[in-house]
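Enquirer: got a structure for you, letters missing:
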């Protein structure tokens, strides 16, 4: 026995602490409006993402002993979170077989995205999503109960292939209106798993280093997305998820859901102005669309304190099926107002689920708030 901790642990923990300082420096280096709320949330997101990285990698990052957990919520938001989605995450590996079971609930879409390692950066360059599916593709009983096998080799019944380099599975349960929904019940276990071993200094040190790497990855993606968004000032544009994954322009985007169509933009106002966004219906049927405004750190504005997002079911549509949303600091007295509070600049994301690849970009304009109040927009 030794009265001194192993050097490998001390070095890994020092690296973890240094990394938190590093990402705080990244936050301080991002150009934004300097709003006090944005600064406060920027520092807060360092604590939030540090906690999330530890949960993902240190606590629940062993593919031999998998843990499927709720990875995002109103107090933990990762790179453009969707308030209408329940996110679940689990670390897996192609050398093992896994069983997923539960009940589908009433959501119109519960997607499964298998992807490469976002923690250690060991996947071949440009890789991200390795397989994509959704629960309605698989057989279930009349009550919605199902069982699905994830494995590298084909299995009878409901089966989804784990491709080489796959290291995790993410579930996205999209709920157009949470007030009238019953969430899915999801469980995952390794088939034939043995008793977990005791923790060793070497294992913990490796996981702390991986968590540090993941933390840098998160804030690199956030800073890059915020900077890129300024090319789309006061407009909302995008592409189908499969296109985003194939183009692999950014490492974070390669893990997009290929059943979704993503649109985004950067909004910037002056006092007394409003951003009016008219969402146009696509030619195909769809399961969902949702529009949300975020801060520079790609966190949705705190939706437990104000209305900061709307969906095809929670917003009021126009007679032609479109929806007009107004982003402003004060209530203009019209439907579909999103409250941006003290902020006059931010990021916006519009997501479509199962809408195909022909989704039109919204019509956007910046107008005087008085004009909106008078109904002239």
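Expert: Yep, it's here. From a predicted model like this one, the values you see are computed outputs, not experimental measurements.

Enquirer: Now do the contacts for residue 346.
Expert: 266, 267, 293, 294, 295, 296, 301, 340 (C-beta atoms under 8 Å, 6 or more residues apart in numbering). Placement of C-beta: from N, CA and C, glycine included.

Enquirer: swap that for residue 286, please
Expert: Contact partners of residue 286, counting by C-beta under 8 Å, 6+ apart, are 312, 352, 353, 354, 355, 356.

Enquirer: Run through the residues that contact the third one.
Expert: Just to be clear, that refers to residue 353. 108, 109, 111, 174, 259, 260, 286, 287, 288, 289.

Enquirer: rerun that using 7 Å as the cut-off
Expert: Counting by C-beta atoms under 7 Å, 6 or more residues apart in numbering, residue 353 makes contact with 109, 174, 259, 260, 286, 287, 288.

Enquirer: can you give me the mean pLDDT across the top helix by length along the chain?
Expert: The longest helix of the chain (DSSP state H) is helix 201-229. Taken as a whole, helix 201-229 carries a mean pLDDT of 96.

Enquirer: which other helices and strands contact it?
Expert: helix 7-28, helix 36-53, strand 260-268 (3 or more C-beta pairs under 7 Å, 6 or more residues apart in numbering; DSSP states H and E).

Enquirer: Pick the most buried one from those.
Expert: Most buried of the helices and strands packed on helix 201-229, by mean neighbour count (mean count of other C-beta atoms under 10 Å): strand 260-268, with a mean of 22.

Enquirer: got a list of contacts for the helix or strand following the longest helix of the chain?
Expert: With elements assigned by DSSP states H and E, the helix or strand that comes after helix 201-229 is strand 237-240. With C-beta under 7 Å, 6+ apart as the test, strand 237-240 has contacts from 261, 262, 263, 264, 265, 357, 361.

Enquirer: what's the farthest-apart pair in the residues you listed?
Expert: 265 and 357 (19.1 Å; C-beta to C-beta).

Enquirer: Could you find the closest non-adjacent residue to residue 63?
Expert: residue 93 (3.7 Å; C-beta to C-beta, 6 or more residues apart in numbering).

Enquirer: before we move on, what about residue 170?
Expert: residue 113 (4.7 Å).

Enquirer: what's the spacing between that neighbour and residue 354?
Expert: Residue 113 sits 14 Å away from residue 354 when distances are taken as C-beta to C-beta, to the nearest Å.

Enquirer: neighbour-wise, which of these two wins?
Expert: residue 113 (25 against 18; other C-beta atoms under 10 Å).

Enquirer: Please identify the helix or strand for that one.
Expert: With DSSP H and E as the criterion, the answer for residue 113 is strand 109-116.

Enquirer: which neighbours does that strand have in its sheet, and in what orientation?
Expert: Applying DSSP bridges, strand 109-116 is found paired with strand 129-134 (antiparallel), strand 166-174 (antiparallel).

Enquirer: for those strands, which one sits closest to residue 192?
Expert: The nearest among the strands paired with strand 109-116, by C-beta to C-beta, is strand 166-174 at 18.1 Å.

Enquirer: can you list contacts of that closest one?
Expert: 84-94, 107-117, 130, 150, 183-184, 186, 257, 288, 353.

Enquirer: Give me the buried subset of the residues you listed.
Expert: 84-94, 107-117, 130, 150, 184, 186, 257, 288, 353 (16 or more other C-beta atoms under 10 Å).

Enquirer: quick check: domain ranges of this structure?
Expert: Under the assignment automatic domain parsing, the domains of the chain span 7-190, 230-373.

Enquirer: rank those domains by pLDDT, which is bottom?
Expert: Across the domains of the chain, the lowest-scoring stretch is domain 230-373, with a mean of 92.

Enquirer: Can you get me the start-to-end distance on that domain?
Expert: 28 Å (C-alpha to C-alpha, to the nearest Å).

Enquirer: how far out from the middle of the chain is it?
Expert: Between the centre of domain 230-373 and the centre of its chain there are 15 Å (C-alpha atoms, centre = their mean, to the nearest Å).

Enquirer: do the same with stretch 151-161
Expert: Counting by C-alpha atoms, centre = their mean, stretch 151-161 is centred 27 Å from the centre of its parent chain.

Enquirer: Ramachandran angles for the spatially most central residue of the chain?
Expert: Centroid-nearest residue in the chain: residue 81, 4.1 Å away (criterion: C-alpha atoms, centre = their mean). With angles defined as degrees, to the nearest 10, residue 81 sits at phi -60, psi 160.
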